[in-house]
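> Sharing a model that was predicted from the sequence below.
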Amino acid sequence: MRLSKRKIWRFIAATLWVGAGVALVVLLIAAIRKRDDKVCSGLEIEITDIKNNLFADKNDIKGMLTNMMPAIKGKVLTEFNLQQMEQTLEGNVWIKDAELFFDNNEVLQVKIKEREPLARIFTTGGKSYYIDKEFVRLPLSSKFSAIVPVFTNCPLDKTKWNRADSVLLLQVRAISEFIRSDPFWIAQIEQVDYTQQKKFELSPQIGEHSIVLGDGYNLESKFRKLYIFYKEVLAKAGWNTYSAINVQYRGQVVATRRDTTRNIIIRNQSNNTNSYTK
(Lines give C-alpha, C1' and ligand atoms only; values in the text may rest on other atoms or scores of the structure.)
Protein backbone atom coordinates (compact mmCIF):
# COMPACT_ATOMS: atom_id res chain seq x y z
CA MET A 1 0.00 0.00 0.00
CA ARG A 2 1.53 3.28 -1.09
CA LEU A 3 1.49 6.20 1.40
CA SER A 4 0.86 9.72 0.21
CA LYS A 5 3.52 12.38 0.71
CA ARG A 6 1.25 14.19 3.16
CA LYS A 7 0.98 11.14 5.42
CA ILE A 8 4.73 10.60 5.24
CA TRP A 9 5.42 14.17 6.33
CA ARG A 10 2.86 13.85 9.13
CA PHE A 11 4.61 10.70 10.32
CA ILE A 12 8.01 12.39 10.21
CA ALA A 13 6.69 15.45 12.07
CA ALA A 14 5.10 13.30 14.74
CA THR A 15 8.30 11.32 15.14
CA LEU A 16 10.30 14.54 15.54
CA TRP A 17 7.87 15.87 18.15
CA VAL A 18 8.03 12.62 20.13
CA GLY A 19 11.81 12.65 19.91
CA ALA A 20 11.95 16.26 21.10
CA GLY A 21 9.66 15.45 24.00
CA VAL A 22 11.78 12.48 25.05
CA ALA A 23 14.94 14.61 24.83
CA LEU A 24 13.32 17.33 26.94
CA VAL A 25 12.32 14.82 29.63
CA VAL A 26 15.84 13.40 29.68
CA LEU A 27 17.30 16.89 30.04
CA LEU A 28 14.89 17.75 32.87
CA ILE A 29 15.72 14.55 34.74
CA ALA A 30 19.42 15.25 34.31
CA ALA A 31 18.96 18.81 35.53
CA ILE A 32 16.97 17.65 38.56
CA ARG A 33 19.59 15.05 39.43
CA LYS A 34 22.31 17.62 39.02
CA ARG A 35 20.42 20.08 41.24
CA ASP A 36 19.81 17.38 43.84
CA ASP A 37 23.57 17.14 44.29
CA LYS A 38 23.93 20.86 44.94
CA VAL A 39 24.12 22.46 48.36
CA CYS A 40 22.79 25.71 49.79
CA SER A 41 25.33 28.46 49.18
CA GLY A 42 23.84 31.12 51.44
CA LEU A 43 20.81 32.83 52.97
CA GLU A 44 19.16 36.13 52.14
CA ILE A 45 16.22 37.53 54.11
CA GLU A 46 13.93 40.36 52.99
CA ILE A 47 11.14 41.80 55.13
CA THR A 48 8.53 43.82 53.26
CA ASP A 49 5.34 45.81 53.99
CA ILE A 50 6.68 47.55 57.09
CA LYS A 51 7.25 51.22 57.87
CA ASN A 52 8.87 50.83 61.26
CA ASN A 53 11.38 48.52 62.90
CA LEU A 54 8.88 45.98 64.16
CA PHE A 55 9.03 42.60 65.87
CA ALA A 56 10.39 40.30 63.19
CA ASP A 57 13.78 41.68 62.24
CA LYS A 58 16.24 39.65 60.16
CA ASN A 59 17.97 38.20 63.21
CA ASP A 60 14.63 36.91 64.49
CA ILE A 61 13.87 35.26 61.15
CA LYS A 62 17.36 33.75 60.93
CA GLY A 63 17.01 32.39 64.44
CA MET A 64 13.70 30.74 63.59
CA LEU A 65 15.21 29.17 60.47
CA THR A 66 18.28 27.81 62.25
CA ASN A 67 16.04 26.30 64.92
CA MET A 68 14.35 24.35 62.14
CA MET A 69 17.61 23.48 60.36
CA PRO A 70 20.99 24.27 61.93
CA ALA A 71 23.86 25.14 59.59
CA ILE A 72 21.70 26.05 56.59
CA LYS A 73 24.66 26.89 54.40
CA GLY A 74 26.20 23.73 52.97
CA LYS A 75 23.06 21.60 53.34
CA VAL A 76 22.01 19.56 50.31
CA LEU A 77 18.99 21.17 48.67
CA THR A 78 16.91 17.99 48.91
CA GLU A 79 17.11 18.21 52.71
CA PHE A 80 15.01 21.38 52.71
CA ASN A 81 11.23 21.12 53.14
CA LEU A 82 10.46 24.67 52.06
CA GLN A 83 6.69 24.33 52.44
CA GLN A 84 6.99 23.15 56.02
CA MET A 85 9.48 25.91 56.79
CA GLU A 86 7.03 28.52 55.39
CA GLN A 87 4.23 27.15 57.55
CA THR A 88 6.43 27.27 60.66
CA LEU A 89 7.37 30.90 60.00
CA GLU A 90 3.73 31.83 59.39
CA GLY A 91 2.90 30.33 62.77
CA ASN A 92 4.42 33.48 64.26
CA VAL A 93 1.62 36.00 64.81
CA TRP A 94 3.77 38.85 63.49
CA ILE A 95 4.43 37.12 60.14
CA LYS A 96 1.62 37.52 57.64
CA ASP A 97 3.21 35.58 54.79
CA ALA A 98 6.48 33.71 54.17
CA GLU A 99 7.88 32.60 50.82
CA LEU A 100 11.04 30.49 50.53
CA PHE A 101 12.86 29.43 47.36
CA PHE A 102 16.34 28.83 45.97
CA ASP A 103 17.62 31.16 43.28
CA ASN A 104 19.92 30.19 40.41
CA ASN A 105 22.94 30.45 42.69
CA GLU A 106 21.45 28.05 45.28
CA VAL A 107 20.97 30.91 47.74
CA LEU A 108 17.95 30.40 49.98
CA GLN A 109 15.72 33.44 49.47
CA VAL A 110 13.34 34.21 52.35
CA LYS A 111 10.63 36.79 51.64
CA ILE A 112 8.66 37.88 54.70
CA LYS A 113 5.56 40.05 54.88
CA GLU A 114 5.09 41.29 58.41
CA ARG A 115 1.87 42.40 60.04
CA GLU A 116 1.76 46.11 60.79
CA PRO A 117 -0.09 47.51 63.83
CA LEU A 118 -2.96 49.81 62.98
CA ALA A 119 -4.07 50.79 66.49
CA ARG A 120 -3.29 50.06 70.11
CA ILE A 121 -6.21 48.84 72.19
CA PHE A 122 -6.72 49.22 75.94
CA THR A 123 -9.70 47.12 77.01
CA THR A 124 -12.18 47.56 79.85
CA GLY A 125 -10.70 44.40 81.38
CA GLY A 126 -7.21 45.88 81.58
CA LYS A 127 -5.68 44.16 78.56
CA SER A 128 -3.56 45.91 75.96
CA TYR A 129 -2.50 44.83 72.48
CA TYR A 130 -2.18 46.01 68.89
CA ILE A 131 -4.49 45.14 66.01
CA ASP A 132 -3.73 45.19 62.30
CA LYS A 133 -6.07 45.93 59.39
CA GLU A 134 -7.43 42.38 59.51
CA PHE A 135 -8.19 42.73 63.25
CA VAL A 136 -5.51 40.22 64.22
CA ARG A 137 -4.35 40.74 67.81
CA LEU A 138 -0.65 41.54 67.99
CA PRO A 139 1.16 41.34 71.32
CA LEU A 140 3.11 44.22 72.78
CA SER A 141 6.83 44.10 72.15
CA SER A 142 9.76 45.10 74.32
CA LYS A 143 11.64 46.00 71.13
CA PHE A 144 9.44 48.82 69.92
CA SER A 145 6.38 50.95 70.54
CA ALA A 146 4.38 51.50 67.37
CA ILE A 147 3.29 55.07 66.61
CA VAL A 148 -0.42 54.41 66.13
CA PRO A 149 -3.65 55.88 67.55
CA VAL A 150 -4.47 54.67 71.06
CA PHE A 151 -8.03 53.53 71.87
CA THR A 152 -9.06 53.21 75.52
CA ASN A 153 -12.00 51.69 77.40
CA CYS A 154 -12.80 49.24 74.57
CA PRO A 155 -15.00 46.21 75.44
CA LEU A 156 -12.74 43.90 73.42
CA ASP A 157 -11.54 41.33 75.96
CA LYS A 158 -13.04 38.26 74.26
CA THR A 159 -10.91 35.60 72.64
CA LYS A 160 -13.08 35.62 69.53
CA TRP A 161 -14.87 38.63 68.08
CA ASN A 162 -18.65 38.61 67.96
CA ARG A 163 -20.84 40.75 65.69
CA ALA A 164 -20.86 43.73 68.06
CA ASP A 165 -17.08 43.54 68.34
CA SER A 166 -16.75 43.53 64.55
CA VAL A 167 -18.92 46.65 64.24
CA LEU A 168 -16.77 48.41 66.85
CA LEU A 169 -13.53 47.27 65.22
CA LEU A 170 -14.63 48.54 61.82
CA GLN A 171 -15.10 52.00 63.34
CA VAL A 172 -11.78 51.77 65.19
CA ARG A 173 -10.06 50.91 61.92
CA ALA A 174 -11.74 53.78 60.08
CA ILE A 175 -10.81 56.32 62.76
CA SER A 176 -7.25 55.06 63.03
CA GLU A 177 -6.69 55.08 59.27
CA PHE A 178 -8.10 58.60 58.98
CA ILE A 179 -5.92 59.96 61.78
CA ARG A 180 -2.81 58.23 60.44
CA SER A 181 -3.41 59.61 56.96
CA ASP A 182 -2.99 63.21 58.12
CA PRO A 183 0.22 64.46 59.83
CA PHE A 184 -1.76 67.15 61.69
CA TRP A 185 -4.20 64.73 63.31
CA ILE A 186 -1.62 62.07 64.14
CA ALA A 187 0.29 64.80 66.00
CA GLN A 188 -2.78 66.40 67.63
CA ILE A 189 -4.86 63.40 68.77
CA GLU A 190 -3.36 61.85 71.90
CA GLN A 191 -5.93 59.10 72.39
CA VAL A 192 -9.47 58.00 71.53
CA ASP A 193 -11.79 56.93 74.33
CA TYR A 194 -14.83 54.70 73.80
CA THR A 195 -17.48 55.89 76.27
CA GLN A 196 -20.28 54.04 78.03
CA GLN A 197 -22.65 55.77 75.60
CA LYS A 198 -20.85 53.88 72.79
CA LYS A 199 -19.37 57.04 71.35
CA PHE A 200 -15.81 58.02 70.57
CA GLU A 201 -14.20 60.99 72.32
CA LEU A 202 -10.83 62.40 71.30
CA SER A 203 -8.21 63.78 73.68
CA PRO A 204 -5.95 66.35 71.97
CA GLN A 205 -2.29 67.03 72.61
CA ILE A 206 -2.83 70.80 72.52
CA GLY A 207 -5.83 72.33 74.30
CA GLU A 208 -7.65 71.28 77.46
CA HIS A 209 -10.88 70.14 75.84
CA SER A 210 -12.54 66.90 74.81
CA ILE A 211 -13.78 66.28 71.29
CA VAL A 212 -17.02 64.30 70.92
CA LEU A 213 -16.72 62.44 67.64
CA GLY A 214 -19.76 60.21 68.04
CA ASP A 215 -19.56 57.09 65.90
CA GLY A 216 -16.82 56.22 63.45
CA TYR A 217 -18.67 57.25 60.31
CA ASN A 218 -18.61 60.43 58.17
CA LEU A 219 -15.13 61.12 59.46
CA GLU A 220 -14.06 63.46 56.69
CA SER A 221 -16.96 65.80 57.44
CA LYS A 222 -16.43 65.65 61.22
CA PHE A 223 -12.71 66.30 61.10
CA ARG A 224 -13.20 69.08 58.55
CA LYS A 225 -15.63 70.84 60.92
CA LEU A 226 -13.18 70.37 63.78
CA TYR A 227 -10.29 71.78 61.77
CA ILE A 228 -12.32 74.84 60.75
CA PHE A 229 -13.37 75.35 64.38
CA TYR A 230 -9.72 75.22 65.40
CA LYS A 231 -8.77 77.70 62.71
CA GLU A 232 -11.62 80.20 62.99
CA VAL A 233 -12.59 79.98 66.68
CA LEU A 234 -9.90 78.51 68.93
CA ALA A 235 -7.11 80.36 67.15
CA LYS A 236 -8.81 83.60 68.18
CA ALA A 237 -10.56 82.74 71.46
CA GLY A 238 -7.75 80.56 72.87
CA TRP A 239 -7.18 76.81 72.95
CA ASN A 240 -8.48 76.43 76.51
CA THR A 241 -11.61 78.57 76.14
CA TYR A 242 -13.87 75.55 75.53
CA SER A 243 -14.13 72.43 77.65
CA ALA A 244 -15.88 70.30 75.02
CA ILE A 245 -16.28 70.40 71.25
CA ASN A 246 -18.98 68.20 69.74
CA VAL A 247 -18.76 67.48 66.01
CA GLN A 248 -21.04 64.47 65.79
CA TYR A 249 -24.06 66.39 64.50
CA ARG A 250 -24.48 67.12 60.83
CA GLY A 251 -23.71 70.65 59.69
CA GLN A 252 -22.85 72.09 63.11
CA VAL A 253 -20.40 72.19 65.98
CA VAL A 254 -21.67 72.34 69.57
CA ALA A 255 -19.05 73.88 71.85
CA THR A 256 -19.18 74.34 75.64
CA ARG A 257 -17.38 77.38 77.08
CA ARG A 258 -15.33 76.68 80.16
CA ASP A 259 -16.23 79.95 81.93
CA THR A 260 -20.03 79.71 81.52
CA THR A 261 -20.64 76.01 80.83
CA ARG A 262 -23.11 77.22 78.18
CA ASN A 263 -23.40 75.42 74.87
CA ILE A 264 -22.71 77.50 71.79
CA ILE A 265 -23.99 76.10 68.51
CA ILE A 266 -21.94 77.02 65.49
CA ARG A 267 -23.64 76.16 62.21
CA ASN A 268 -22.17 75.76 58.80
CA GLN A 269 -24.05 78.13 56.48
CA SER A 270 -23.14 76.20 53.37
CA ASN A 271 -21.71 72.81 52.53
CA ASN A 272 -19.42 74.54 50.07
CA THR A 273 -17.95 77.20 52.35
CA ASN A 274 -16.11 77.41 55.63
CA SER A 275 -18.33 80.20 56.98
CA TYR A 276 -19.83 79.77 60.45
CA THR A 277 -22.27 81.83 62.52
CA LYS A 278 -22.97 81.78 66.23
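Great, that's in hand.
> give me the element residue 222 is part of.
Residue 222 belongs to helix 219-229 when assigned by DSSP states H and E.
> Pull out the buried positions in that helix.
Going by neighbour count (16 or more other C-beta atoms under 10 Å), the buried part of helix 219-229 is 219, 222-223, 225-229. (Glycine included, C-beta is placed from N, CA and C.)
> quick check, nearest of those to residue 267?
Checking the buried residues of helix 219-229 against residue 267 with C-beta to C-beta, the nearest one is residue 225 at 10.2 Å.
> Relative to residue 214, how far out is the nearest residue to that closest one once chain neighbours are set aside?
Excluding its sequence neighbours, the residue lying closest to residue 225 (C-beta to C-beta, 6 or more residues apart in numbering) is residue 247, at 4.9 Å. Applying C-beta to C-beta, to the nearest Å, the value for residue 247 to residue 214 is 8 Å.
> who's more crowded, these two?
In terms of neighbours (other C-beta atoms under 10 Å), residue 247 is the more surrounded of residue 247 and residue 214; the figures are 25 against 17.
> For burial, what's the neighbour tally of the residue nearest to residue 195 when sequence neighbours are not counted?
Once flanking residues are discounted, residue 195 sits nearest to residue 201: 5.8 Å by C-beta to C-beta, 6+ apart. Under the neighbour criterion other C-beta under 10 Å, residue 201 is assigned a count of 20.
> you'd agree residue 201 is up against residue 193?
Yes: if you go by C-beta atoms under 8 Å, residue 201 and residue 193 touch, sitting 4.8 Å apart.
> Redo the buried residues of helix 219-229 as CSV? Include distance to residue 151 and pLDDT.
Formatted as CSV, the buried residues of helix 219-229 follow (distance: C-beta to C-beta, whole Å; pLDDT from 0 to 100):
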residue, distance to residue 151, pLDDT
219, 14, 97
222, 17, 97
223, 16, 97
225, 22, 95
226, 18, 96
227, 21, 95
228, 25, 93
229, 23, 94
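> For residue 78, state which of the residues you listed is nearest.
The closest of the buried residues of helix 219-229 to residue 78 turns out to be residue 219 (C-beta to C-beta; 54.7 Å).
> Pull up the overlap in contacts between residue 247 and residue 214.
The contact sets of residue 247 and residue 214 overlap at residue 222 (C-beta atoms under 8 Å, 6 or more residues apart in numbering).
> Next one: the residue nearest to residue 225 relative to residue 222, how far apart?
Plainly put, residue 247 is 5 Å away from residue 222 if you go by C-beta to C-beta.
> Helices of this structure, residue ranges please.
Using DSSP state H, the helices of the chain run over residues 5-36, 58-68, 82-90, 163-180, 183-188, 219-229, 235-237.
> State the mean pLDDT of the second one.
Okay, so that is helix 58-68. For helix 58-68, mean pLDDT is 89.
> returning to that earlier point: can you work out which residues contact both of residue 247 and residue 222?
Contacts common to residue 247 and residue 222, judged by C-beta under 8 Å, 6+ apart, are 213-214.
> residue ranges for the strands of the stretch 101-250 of the chain, please.
Assigned by DSSP state E, counting those that start in this stretch, the strands in the stretch 101-250 of the chain fall at 107-114, 119-123, 128-131, 137-138, 150-154, 189-194, 200-204, 210-214, 242-246.
> Looking at these, which is nearest to residue 70?
strand 107-114 (13.8 Å).
> Give me the helices and strands touching that closest one, please.
In terms of contacts (3 or more C-beta pairs under 8 Å, 6 or more residues apart in numbering; DSSP states H and E), strand 107-114 is packed against strand 42-48, helix 58-68, strand 95-102.
> can those go into a markdown table with extra columns for mean neighbour count?
Shown next, in a markdown table, are the helices and strands packed on strand 107-114 (neighbours: other C-beta atoms under 10 Å):
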| stretch | mean neighbour count |
| --- | --- |
| strand 42-48 | 14 |
| helix 58-68 | 14 |
| strand 95-102 | 17 |
